[in-house]
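[1] quick one, structure for this:
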Amino acid sequence: MVMDETKVLPTAPTKRSGRFRTLLRATLVVVGLLIAAVGGGVFYALAFPPRYPVRDVELRVESSPERVARGKALASTLECVICHSNPATGRLTGRRLAEIPSALSPAAYTANITRDVKTGIGAWSDGELVAFLRTGVNRQGRLAPPWMPRLPRLADEDLFDLLAYLRSDDPAVEATTASPQTGSLSILGKILMRYAWRPMAYPAAPIVAPALSDRVAYGRYVVQAKGSCFGCHSANFMKLDEQQPERSDGYLGGGNEVYDAAGSIVISANLTPDRETGIGRWSEAEFVRAVREGLRPDGTPVRGPMQLYKELSEAEVGAVYAYLQTVPPLHRPRPTTDAPKAITASAEASSDRAATLKGRALYERYGCRSCHGDTGVDIGDLRQADNKYATDAEIEAWIRHPEAFKPGTKMPAFGNVIASDDFPPLIAYVRQLGRRSKP
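    So this is what the prediction gives:
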């Protein structure tokens, strides 16, 4: 018998290779199901924005001049005025929020909150407004994005003061028809609106503010409700605990990334009593000056988006300081990413170019950009400077002591901050921005 060595007999498949094919097939099925689930979830989030039950609140706020005055101050403290004010008119008809990351919204706008019944809140009842401000759900059952603050801990009387102001005849909230500015959410923003961001619970019982005489308790109330300081000054917006603020990640230790009017990242400050990286070495008077006047103990200006809180009395800010001394200190060095960029003119540059670069450098150095943005039109409208003031001396007087021209303004006094020789190039640059940004 002769063997044919050219013929190869087939080998029987092994049990091991069969198990591998079964495992591979199962893996592909699982991956396919995961892709389908994720794709379906994304499609659902994009195609079907969530709706929530609308809370029925029976309420009618009684107004008085005193209540309106308190409400106006509170609207500034809560930054309603800053976020909703048209910089050209001063009316609360809404504006674009350049500081919202484009990853969440390519174009974010605030709403018209004047008394106009068509495009404002004139047709809203007091109960609808209270429910919205508490929970974030509007009268159509839609949830506002998280950059619209919720007020679940604000005392009832303070909230009623705010409503009285919004219903008042103050020029800022006078009925003004404005074309609704339609913002947009990114795909990520829409997914978060569907699966992550949720309404706040409506308070189960009346909320009463502590007495101002109880300094620590009242300071805690301002930090967590009336001023909501803990949001920006903790470690991360995504890790805030709105129900129990003290449990927020890095509570009041700073480090959160916030955005100024120019869209630049600013790292929030550490407000704990740590002596090296917080306010442990600050006196109460120094803290009050920083909050109400915008000047640090070393005389440098506080940088935006931190605003002045002149509406809070010295006693109220002092109470905040007293509370902050009770907060556990956190040692958190502040990154230097918020330092202004150095801009210098080259030796070959023309004199005009050099003057522009110097003015721009000063605009950066003194923090003007953080409130006025790159174009000069944001929280404050620099077009007004070029239009209203015929001489540079008048603009300089405004920059030195803005309170003398506009009581209650959010702009700090720079009289003892800006060097005298820096005023001419800075003013020239301000005028240039004003002319460049005119419609």
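[2] make it CA atoms for all contacts and neighbour counts henceforth
    OK.
[3] quick one: low-confidence parts of this protein?
    Along the chain, the model assigns pLDDT under 70 to residues 1-48, 180, 261-263, 336-352, 370, 377-380, 383, 436-439.
[4] strands along this protein, start to end?
    Secondary structure of the chain (DSSP state E): strands at 257-259, 265-267.
[5] do you know which of those lies nearest P210?
    Each of the strands of the chain has some distance to P210 by C-alpha to C-alpha; the shortest is strand 257-259, at 29.7 Å.
[6] dump the strands of the chain into CSV; add mean neighbour count as well.
    Shown next, in CSV, are these (neighbours: other C-alpha atoms under 10 Å):
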stretch, mean neighbour count
strand 257-259, 20
strand 265-267, 21
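[7] for K72, find the nearest of the ones you listed.
    Taking those one by one with C-alpha to C-alpha, strand 257-259 is closest: 25.2 Å.
[8] which other helices and strands contact the closest one?
    strand 265-267 (3 or more C-alpha pairs under 8 Å, 6 or more residues apart in numbering; DSSP states H and E).
[9] gap between stretch 91-106 and the chain center?
    Counting by C-alpha atoms, centre = their mean, to the nearest Å, stretch 91-106 is centred 10 Å from the centre of its parent chain.
[10] contacts for stretch 245-263?
    Residues outside stretch 245-263 that contact it (C-alpha atoms under 8 Å, 6 or more residues apart in numbering) are 98-100, 224, 229-230, 232-237, 239-242, 265-272, 278, 304-305, 329-332, 334, 369-374, 378-379.
[11] pull out the buried members of the residues you listed.
    98-100, 224, 229-230, 232-237, 240, 242, 265-272, 278, 304-305, 329-332, 334, 369-374, 378-379 (16 or more other C-alpha atoms under 10 Å).
[12] export the strands of the chain to CSV and tack on distance to W124?
    Listed next are these as CSV, based on distance: least, C-alpha to C-alpha, whole Å:
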stretch, distance to W124
strand 257-259, 31
strand 265-267, 36
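[13] dump the residue contacts of L295.
    Contacts of L295 by C-alpha under 8 Å, 6+ apart are 289, 301-302, 412.
[14] what is the neighbour count of the closest residue to K72 other than its chain neighbours?
    Using C-alpha to C-alpha, 6 or more residues apart in numbering and skipping residues adjacent in sequence, the residue nearest K72 is Y165, 5.6 Å away. Using other C-alpha atoms under 10 Å, Y165 is surrounded by 25 other residues.
[15] what do you get for Q244?
    Neighbour tally, Q244, other C-alpha under 10 Å: 9.
[16] just the helices in the stretch 251-400 of the chain please.
    Secondary structure of the stretch 251-400 of the chain, counting by DSSP state H, counting those that start in this stretch: helices at 284-293, 314-324, 351-365, 369-372, 383-388, 392-400.
[17] okay, those in TSV with distance to G254 next?
    Conversion of those to TSV gives the following (distance: least, C-alpha to C-alpha, whole Å):
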stretch	distance to G254
helix 284-293	16
helix 314-324	13
helix 351-365	22
helix 369-372	18
helix 383-388	34
helix 392-400	29
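[18] what's the closest of these to P407?
    helix 392-400 (11.7 Å).
[19] what's next to the closest one, contact-wise?
    The contact list for helix 392-400, computed with C-alpha under 8 Å, 6+ apart, reads 385, 389, 404-405, 413-416, 423-424, 427.
[20] can you pull the buried residues of that helix?
    392, 395-396, 398-400.
[21] next: stretch 405-420.
    By neighbour count on 16+ other C-alpha under 10 Å, the buried set for stretch 405-420 is 410-414, 418.
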